[in-house]
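A.B. asks: The sequence isn't on hand, but the structure is:
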């Protein structure tokens, strides 16, 4: 779901180009060689509020914190430390919820896999607490959706009211389930689809279940996406964010961290797998976004990504990723991006565009706000 427009009000009221450049510089330093110098404290004249808003909306506050020198007092550093503590608290709760869900679904021999969240952060950054995770995402096969939902109900989760609609179940292919209320509530996003209408969907979503790996958490093995699928899902998330015109630098960081773990032979296998899924252009768009935000790598995937959506200049793509609220942005039409991500294949494009149109009609019917 897109972020509400009110999230950007303060940033739209200011010229935050320097603050955007500062956050980008911190992210580049984070991914630079270990011997690279730490970032300098916030230069005079830059707005602490704007920097923290950019970091928060993109979920990269901990990346900025780690790029800064450790002994740097000041308002920005204090905010980042508080952000880190809140992320630790949130993700610790998410981990405990995940372990309980893993036990409940494993006991019923349900085929599922965890997506994103603290498990992924540990695999990519050796740290469970890099980005705040407010809910637990799991993927099941369409045939196992109802059984999984019932298993979650048995441990206290109930479907949230909004996600009962046809638009959520049929077109988004997910439902939100909530246990409890207030600050100690727990939310599960139960998926059987992996992309929202308006962007190409994988041809074989069940393949993400077949290729899952087991990762050990506190002595217990839990199912998680393969290394290649972790990269692919991060690229899917970037395509979704660009469609919704919301910040996605956090996902782009995951793309860079995932791709950095692949040798050239592995990169070719990932590209071949993406072609098989009909997601090669989605993969390459994510990789190009990583190169624009964090600097090119000169790898096979990096070189293949250069021509993708070339009509969008690097500066515009950078701002689409990290600052989509800018009024100066020249956004391409959504159907133009869909045409490109479908590989300019007319049959594929018409199928995806028709699905998106049906979803939009459904959303207008079933997601209308209640009358006062």
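C.D. replies: In hand now; what should we look at? If you're wondering where the values come from, they're calculated on a predicted model, not measured in any experiment.
A.B. asks: Specify the beta-bridge partners of the nearest residue to residue 149 once chain neighbours are set aside.
C.D. replies: Nearest non-adjacent residue to residue 149, counting by Cβ to Cβ, 6 or more residues apart in numbering: residue 190, 6.2 Å away. Any C-beta I mention is one placed from the backbone N, CA and C, and that applies to glycine too. Listed beta-bridge partners, residue 190: residue 138, residue 175 (assigned using DSSP bridges).
A.B. asks: ok, now how distant is residue 190 from residue 24?
C.D. replies: Using Cβ to Cβ, to the nearest Å, residue 190 is found at 35 Å from residue 24.
A.B. asks: now the strands for the stretch 51-200 of the chain?
C.D. replies: 112-115, 136-140, 158-159, 174-179, 186-191 (DSSP state E, counting those that start in this stretch).
A.B. asks: what about the longest helix in the protein?
C.D. replies: When the chain is parsed with DSSP state H, its longest helix is helix 75-107.
A.B. asks: Any buried residues in that one, and which?
C.D. replies: Burial within helix 75-107, assessed by neighbour count using 16 or more other Cβ atoms under 10 Å, is assigned to 76-77, 79-80, 83-84, 87-88, 90-91, 93-95, 97-98, 101-102, 104-105.
A.B. asks: How about stretch 219-230?
C.D. replies: Result for stretch 219-230 [16+ other Cβ under 10 Å]: buried residues 222-230.
A.B. asks: about what we covered before: report the contact partners of the residue nearest to residue 149.
C.D. replies: Residues counted as contacts of residue 190 (Cβ atoms under 8 Å, 6 or more residues apart in numbering) are 138, 140, 145, 148-149, 152, 174-177.
A.B. asks: hang on, residue 140 packs against residue 189?
C.D. replies: No. Applying Cβ atoms under 8 Å as the test, residue 140 and residue 189 come out as separate, 11.4 Å apart.
A.B. asks: Please say which of those two ends up with more neighbours.
C.D. replies: The residue with more neighbours, out of residue 140 and residue 189, is residue 140; 23 against 19, by other Cβ atoms under 10 Å.
A.B. asks: what sits against that one?
C.D. replies: 110-112, 148, 190-192, 209.
A.B. asks: Out of those, which end up buried?
C.D. replies: Using 16+ other Cβ under 10 Å, the buried members of the contacts of residue 140 are 110-112, 148, 190-192, 209.
A.B. asks: Looking at neighbours, which among the contacts of residue 190 is most surrounded?
C.D. replies: residue 148 (26 neighbours).
A.B. asks: Distance of the spatially closest residue to that residue that is not a sequence neighbour relative to residue 217?
C.D. replies: For residue 148, ignoring the flanking residues on the chain, the nearest one in space by Cβ to Cβ, 6+ apart is residue 140 at 4.8 Å. Look at residue 140 and residue 217: by Cβ to Cβ, they are 20 Å apart.
A.B. asks: cool, residue 96 as well?
C.D. replies: 10 Å.
A.B. asks: Work out for me the element the closest residue to residue 297 other than its chain neighbours sits within.
C.D. replies: Nearest residue to residue 297, sequence neighbours excluded (Cβ to Cβ, 6+ apart): residue 291, at 6.8 Å. Per DSSP states H and E: residue 291 is located in helix 280-294.
A.B. asks: So which elements touch that helix?
C.D. replies: helix 17-31, helix 227-244, helix 249-259, helix 264-277, helix 300-305, helix 314-322, helix 334-341 (3 or more Cβ pairs under 8 Å, 6 or more residues apart in numbering; DSSP states H and E).
A.B. asks: average pLDDT across that helix?
C.D. replies: Averaged over helix 280-294, pLDDT sits at 96.
A.B. asks: chain center to it, what's the gap?
C.D. replies: 13 Å (Cα atoms, centre = their mean, to the nearest Å).
A.B. asks: Equivalent analysis for stretch 130-142, please.
C.D. replies: 10 Å.
A.B. asks: Stretch 169-176 too?
C.D. replies: The answer for stretch 169-176 is 17 Å, by Cα atoms, centre = their mean.
A.B. asks: cool, and stretch 306-326?
C.D. replies: So, by Cα atoms, centre = their mean, the centroid of stretch 306-326 is 17 Å from its chain's centroid.
A.B. asks: likewise stretch 14-29?
C.D. replies: Using Cα atoms, centre = their mean, the offset of stretch 14-29 from its chain centre is 20 Å.
A.B. asks: what pLDDT, on average, does it get?
C.D. replies: Stretch 14-29 comes out at a mean pLDDT of 91.
A.B. asks: cool, stretch 222-240 as well?
C.D. replies: On average, stretch 222-240 scores 96.
A.B. asks: quick revisit: for the contacts of residue 140, give me CSV that also has pLDDT and distance to residue 238.
C.D. replies: What follows is the contacts of residue 140, written out as CSV (pLDDT from 0 to 100; distance: Cβ to Cβ, whole Å):
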residue, pLDDT, distance to residue 238
110, 97, 29
111, 97, 27
112, 98, 24
148, 97, 27
190, 97, 22
191, 96, 17
192, 95, 21
209, 96, 22
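A.B. asks: With distance to residue 60 as new columns, can the contacts of residue 190 be given to me in TSV?
C.D. replies: What follows is the contacts of residue 190, written out as TSV (distance: Cβ to Cβ, whole Å):
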residue	distance to residue 60
138	25
140	30
145	33
148	32
149	33
152	31
174	25
175	29
176	25
177	28
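A.B. asks: What's the separation between the residue nearest to residue 297 and residue 231?
C.D. replies: The value you get for residue 291 to residue 231, if Cβ to Cβ is used, is 14 Å.
A.B. asks: Of these two, give the one with the bigger neighbour count.
C.D. replies: The neighbour count for residue 291 versus residue 231, taken as other Cβ under 10 Å, is higher for residue 231 (29 against 24).
A.B. asks: hey, which helix or strand in this protein has the poorest pLDDT?
C.D. replies: helix 9-12 (a mean of 79; mean pLDDT, DSSP states H and E).
A.B. asks: Show me what it is in contact with.
C.D. replies: By Cβ under 8 Å, 6+ apart, the list of residues contacting helix 9-12 reads 49-50, 53-54, 323, 325, 327.
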